[in-house]
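Enquirer: Pasting the sequence and the predicted model now:
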Amino acid sequence: WNLPRRGPTRDLPPELERDLAKWRAAVRDYLSIVCSLSDRCVIVTNSSPPWVENCIERFAPELKPFFGRPGGPTVAYAGEVLLQARAAQSSSCCCPIWWTT
């Protein structure tokens, strides 16, 4: 797509904008259904924060309300969760496997 990684997004080509409009509608419908059928919806990613938030802001800002409401999806950055789990266990565990970073 040749989009810059940072900074303002220039106008997208019409074909890409059409594809993204279909994707936005599908994600909106999916999140609506998942959140109505479950007590918790978690998006798990290996990316670094705030990648998901940046993508929503850049490509689907109309989805932001889903993420800010009670019962809406949350984002779990797997690397951060792993570091937190290791830190919590290393402070109370003598197992050397948890001592590595």
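Expert: In hand now; what should we look at?
Enquirer: mind showing which ranges of this structure have poor pLDDT?
Expert: Counting by pLDDT under 70, the low-confidence segments of the chain come to 1, 5-9, 90-101.
Enquirer: Apply 80 and report the result again.
Expert: Applying pLDDT under 80 to the chain flags the ranges 1-11, 88-101.
Enquirer: now the helices: where do they sit in it?
Expert: 14-37, 51-59, 64-68, 78-90 (DSSP state H).
Enquirer: how many neighbours does residue 59 have?
Expert: 17 (other C-beta atoms under 10 Å). No exception for glycine: its C-beta is placed from N, CA and C like everyone else's.
Enquirer: again, but for residue 55
Expert: 13.
Enquirer: From residue 72, how far out is it?
Expert: 16 Å (C-beta to C-beta, to the nearest Å).
Enquirer: now residue 26
Expert: 17 Å.
Enquirer: Compare the two (neighbour count), which wins?
Expert: Neighbour count, other C-beta under 10 Å: between residue 26 and residue 72, residue 72 has more, with 14 against 10.
Enquirer: Which residue, other than its chain neighbours, is closest to that one?
Expert: Excluding its sequence neighbours, the residue lying closest to residue 72 (C-beta to C-beta, 6 or more residues apart in numbering) is residue 66, at 4.9 Å.
Enquirer: Nearest to residue 4, out of the helices of the chain?
Expert: Of all the helices of the chain, it is helix 51-59 that lies closest to residue 4, at 10.3 Å by C-beta to C-beta.
Enquirer: Output the closest one as PDB - backbone C-alpha positions only.
Expert: Provided in PDB are the C-alpha atoms of helix 51-59 (Å, rounded to 0.1, in the frame of the first residue of the first chain):
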ATOM      1  CA  TRP A  51      -0.300  -1.000  17.400                       C
ATOM      2  CA  VAL A  52      -4.000  -2.100  17.500                       C
ATOM      3  CA  GLU A  53      -5.100   1.400  18.800                       C
ATOM      4  CA  ASN A  54      -3.000   3.100  16.000                       C
ATOM      5  CA  CYS A  55      -4.600   0.800  13.300                       C
ATOM      6  CA  ILE A  56      -8.100   1.600  14.600                       C
ATOM      7  CA  GLU A  57      -7.300   5.300  14.700                       C
ATOM      8  CA  ARG A  58      -5.800   5.200  11.200                       C
ATOM      9  CA  PHE A  59      -8.100   2.800   9.300                       C
END
